[in-house]
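> Mind folding the following:
(2 chains)
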Number of protein chains: 2
Amino acid sequence: MSRILFSGMVLFTMANLSQAADPVVNDVVLGIHGGIGVDKKDMTPELEKDVRAGLRSALEAGHAKLKNGGTSLDAVEAAIRVMEDLPVFNAGKGAVFTNAGTNELDASIMEGKTKKAGAMAGVMTVKNPISGARAVMEKSKHVLLIGPGADAFAKQQGLEIVPPSYFSTEHRRKAIEEIWKREEEAKKRRSDAGEIPLELPRKKSEYGTVGAVSLDSAGNLAAGTSTGGMTNKMAGRVGDSPIIGAGTYADNEAAAISCTGHGEFFIRYSVSHEIVAQIKYRAVTAAAAAEDVINRQLKDAGGEGAAIVLDRSGKFTSAYNSEGLYRGCITRDGKIHVRVYEE
Amino acid sequence: MSRILFSGMVLFTMANLSQAADPVVNDVVLGIHGGIGVDKKDMTPELEKDVRAGLRSALEAGHAKLKNGGTSLDAVEAAIRVMEDLPVFNAGKGAVFTNAGTNELDASIMEGKTKKAGAMAGVMTVKNPISGARAVMEKSKHVLLIGPGADAFAKQQGLEIVPPSYFSTEHRRKAIEEIWKREEEAKKRRSDAGEIPLELPRKKSEYGTVGAVSLDSAGNLAAGTSTGGMTNKMAGRVGDSPIIGAGTYADNEAAAISCTGHGEFFIRYSVSHEIVAQIKYRAVTAAAAAEDVINRQLKDAGGEGAAIVLDRSGKFTSAYNSEGLYRGCITRDGKIHVRVYEE
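Numbers count the residues shown, from 1 in each chain, chains lettered A, B, ... in the order given. Presented below is the predicted three-dimensional model:
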């Protein structure tokens, strides 16, 4: 990628945007993603149909909130709740399994006007973790609650509580059992059995996330992210989804962002906040900032993933260095765009 | 604060630095903090003596590592371990209590060359959480482990494990009991007993943290932070200390940062990463960036706290909007500076 150095700032021309950058859609009030998804070779017509239908439902649910006078926060929460409830996405019902055979869920939400935020990590009984995150933001003095303390808070707040088994699906159960089988076989072949099992080649479907960004008629941005984490993650592992600045950020001066991908890289590069900082301090567009972080910084580091970005003027785009990204947006007048790969 | 707008960038002149900014010390190889500490009116000669002695010991321990060929990571870990072991600081032994009467510890560490990082949150048996964080960074594929999964990982890695009661001290036990007593009294006076108890006026001593930043002879920066969190925090509450980008960040292109204060604000403003981003994209000094974030952004939002910053050229400073900050640094040739209030 060629750059022009000028006055200590690095400027990118439009020509430098990679082919994987989506065209910018104007006048967007809600944008969402459903994770980087499966490789093209693993995609089936049935799965693609479910994904596209799920994205549409989520967009419609969020848009309905906005049409009825709801805020961007309401839209983000509503859209994410729809995706949490659909087993096709790795969040809420249908979350992946940890290496302990549990489902541990993470979510975060943030509003751009006040920079208030809330998040939950490692919850096991909150049906809709995004609503748990919102309760932390609005009903506690804290930003991040983890583990049983977070579950207890959600219950105390009257959120819907489910048994841990609610999140389990046949599909994810089979996926983890296949990984454990491969691990056992690998262990048998190696003498260094103490090695961390995550050395196994990853499948992209092993990490997924859902997220949403919204801009309401008052000009307020909001962002949210929810996930079941990485398949076979160590119990207690937390990725970027509940980390404000990593998986989620919203700042009315810049943009709202939600990320998905290999969470550890997104934490180390503070991806969401880095995109906001570039928009504010490098005076680049949201699309150029996202492109720089996802398709230069993360790509160079080997961190697979994506970000969706909605700026304060309603311009929506996504940047991804993966083969695909389940994504979509809806404009003020209700026009829906949904994409799965480069299209 | 007056600003000069120029080419889309906001420039600060030295005259804009507040009086609470420390002078920059050159040729620093290790800088540390021990939290924002108690108000001047609550300070006793004995406490101040303990704080200053503790800071000196930590600086000497870290400096010894560097003199013996250790890396900046080694120095950060060694300095923080000393402060974790001293009950006078709110980290490791002497951690504050949660509202459930437990001690839950958080820590993180990051190296600026590779942007690798590790963190633990909500651990209850790891004697030195900073070493736990380093083990996550170096011995796992993850960045953040929480709760019992983190404790189990530390044990598996052979780190020193202690019973949860190890962290408890008479001083902190009395502090939490006093708060619970005040809460009970407040509840009796109010009909709205369901209100969140954290509404009570806070004492600055209720949140403390220790942290370190270092630059080694290879030019590599590192940063680390460790805490017992906020007195009377909800069980499961996590502040900024284990959050990469909030309480801790290191980037060889800019600076190493460790923060302390009201953690929720530090998460919402991604304080550590914001300082790094301003250095890189606004082309301001590390001191000016820290000053902008701590004494403008956070101050305007009502977020009390501080950051220590060491840039890639060995310039060290701290910015704080609190009355004091336990802090110190040591230069390459072993000269120690220790401060408690504005001096």
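> Any stretches of the stretch 201-343 of chain A with poor pLDDT?
Where the stretch 201-343 of chain A drops to pLDDT under 70, the residues are A:201-207.
> Closest residue of it to chain B?
Per Cβ to the nearest Cβ, residue A:236 is where the stretch 201-343 of chain A lies closest to chain B, at 1.9 Å. Any C-beta I mention is one placed from the backbone N, CA and C, and that applies to glycine too.
> and what of the stretch 51-200 of chain A?
Closest point on the stretch 51-200 of chain A to chain B, by Cβ to the nearest Cβ, is residue A:149, at 1.9 Å.
> Once you drop chain neighbours, what's closest to that residue?
residue B:236 (1.9 Å; Cβ to Cβ, 6 or more residues apart in numbering or on different chains).
> Please give me every residue in contact with the one you found.
A:145-150, A:152-153, B:104, B:122 (Cβ atoms under 8 Å, 6 or more residues apart in numbering or on different chains).
> swap the cut-off to 7 Å and go again
The contact partners of residue B:236, by Cβ atoms under 7 Å, 6 or more residues apart in numbering or on different chains, come to A:145-150, B:122.
> cool, residue A:76 as well?
Applying Cβ under 7 Å, 6+ apart to residue A:76 gives the contacts A:62, A:109, A:212, A:214, A:222-224.
> ok, and which of those residues reach chain B?
By Cβ under 7 Å from any Cβ of the partner chain, no member of the contacts of residue A:76 lies near chain B.
> now those: which count as buried?
Using 16 or more other Cβ atoms under 10 Å in any protein chain shown as the burial test, the contacts of residue A:76 include A:62, A:109, A:212, A:214, A:222-224 as buried.
> Just to be sure, which of those residues are found in strands?
Of the buried ones among the contacts of residue A:76, the ones assigned to strands by DSSP state E are A:109, A:212, A:214, A:222-224.
> Farthest pair within those?
Longest distance between any two of those is 10.7 Å, between A:109 and A:214; criterion Cβ to Cβ.
> Residue A:153 versus residue A:267, what's the distance?
Look at residue A:267 and residue A:153: by Cβ to Cβ, to the nearest Å, they are 23 Å apart.
> hang on, the earlier thing: out of the buried ones among the contacts of residue A:76, flag the one nearest to residue A:272.
Closest approach between the buried ones among the contacts of residue A:76 and residue A:272, by Cβ to Cβ: residue A:223, at 7.5 Å.
> Tell me what that closest one is bridged to.
Residues in a beta bridge with residue A:223, per DSSP bridges, are residue A:110, residue A:213.
> Provide a list of residues in contact with it.
By Cβ under 7 Å, 6+ apart, the contact list for residue A:223 reads A:76, A:110, A:213, A:248-250, A:256-258.
> wait, what's in contact with the closest residue to residue A:336 other than its chain neighbours?
Closest residue to residue A:336 apart from its sequence neighbours, by Cβ to Cβ, 6+ apart: residue A:330 at 5.1 Å. Neighbour list for residue A:330: A:28-30, A:59, A:63, A:336 [criterion: Cβ under 7 Å, 6+ apart].
> out of these, which are inside strands?
Counting by DSSP E, these contribute A:28-30, A:336 to strands.
> Including neighbour count, could those residues go into TSV?
As requested, the ones in strands among the contacts of residue A:330 are arranged in TSV below (neighbours: other Cβ atoms under 10 Å in any protein chain shown):
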residue	neighbour count
A:28	24
A:29	26
A:30	31
A:336	14
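> Which members of the residues you listed are the farthest-apart pair?
For the ones in strands among the contacts of residue A:330, with distances taken as Cβ to Cβ, the pair at the greatest spread is A:29 and A:336 (11.4 Å).
> Break down the stretch 151-300 of chain A into its strands, ranges please.
Using DSSP state E, counting those that start in this stretch, the strands of the stretch 151-300 of chain A run over A:210-215, A:221-227, A:237-238, A:248-251, A:255-261.
> Give me the more crowded residue out of residue A:267 and residue A:153.
Counted by other Cβ atoms under 10 Å in any protein chain shown, residue A:267 and residue A:153 do not tie: residue A:267 has more neighbours, with 29 against 25.
> Distance of the more buried one relative to residue A:305?
For residue A:267, the distance to residue A:305 (Cβ to Cβ) stands at 11 Å.
> interface residues of the stretch 201-343 of chain A facing chain B?
Taking Cβ under 7 Å from any Cβ as the test, the list of the stretch 201-343 of chain A residues beside chain B reads A:234-238, A:243-246, A:264, A:267-270, A:273-274, A:277-278, A:281-283.
> Pull out the buried members of those.
Neighbour counting over these (16+ other Cβ under 10 Å) leaves A:234-238, A:243-246, A:264, A:267-270, A:273-274, A:277-278, A:281-282 as the buried ones.
> Helix or strand next in line after the lengthiest helix in chain A, which one?
Longest helix in chain A by number of residues, with DSSP state H as the criterion: helix A:45-67. Remark: after helix A:45-67, the chain's next helix or strand is helix A:72-85, criterion DSSP states H and E.
> Now do the buried residues in that next one.
Across helix A:72-85, burial judged by 16+ other Cβ under 10 Å covers A:72-85.
> end-to-end on stretch A:253-267?
Start-to-end span of stretch A:253-267 (Cα to Cα, to the nearest Å) is 22 Å.
> Just the buried residues of it, please?
Buried-residue list, stretch A:253-267, by 16+ other Cβ under 10 Å: A:254-267.
> from the residues you listed, which single one is nearest residue A:299?
The closest of the buried residues of stretch A:253-267 to residue A:299 turns out to be residue A:265 (Cβ to Cβ; 10.0 Å).
> For burial, what's the neighbour tally of the closest residue to the closest one other than its chain neighbours?
Excluding the flanking residues, the one nearest residue A:265 by Cβ to Cβ, 6+ apart is residue A:303, at 2.7 Å. A total of 21 residues lie near residue A:303 under the criterion other Cβ under 10 Å.
> of all the residues in the stretch 1-150 of chain A, which ones are close to chain B?
Neighbours of chain B within the stretch 1-150 of chain A, by Cβ under 7 Å from any Cβ: A:7-8, A:115-117, A:121-122, A:140-150.
> of those residues, buried ones?
Among the residues of the stretch 1-150 of chain A next to chain B, the ones that count as buried by 16+ other Cβ under 10 Å are A:115-117, A:121-122, A:140-150.
> Now the two most distant members of the residues you listed.
A:115 and A:148 (28.0 Å).
> re earlier: how about a markdown table for the contacts of residue A:330, with distance to residue A:290 added?
Output for those, formatted as a markdown table (distance: Cβ to Cβ, whole Å):
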| residue | distance to residue A:290 |
| --- | --- |
| A:28 | 14 |
| A:29 | 19 |
| A:30 | 17 |
| A:59 | 20 |
| A:63 | 23 |
| A:336 | 21 |
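> Farthest-apart pair in those, please.
A:29 and A:336 (11.4 Å).
> Residue A:90 reaches residue A:226, doesn't it?
No - using Cβ atoms under 7 Å, residue A:90 is not in contact with residue A:226, being 9.3 Å away.
> Between those two, which has more neighbouring residues?
Using other Cβ under 10 Å, the more surrounded residue of residue A:90 and residue A:226 is residue A:226, with 35 against 28.
> first to last residue in stretch A:36-48, what's the distance?
For stretch A:36-48, the first-to-last residue distance is 13 Å (Cα to Cα).
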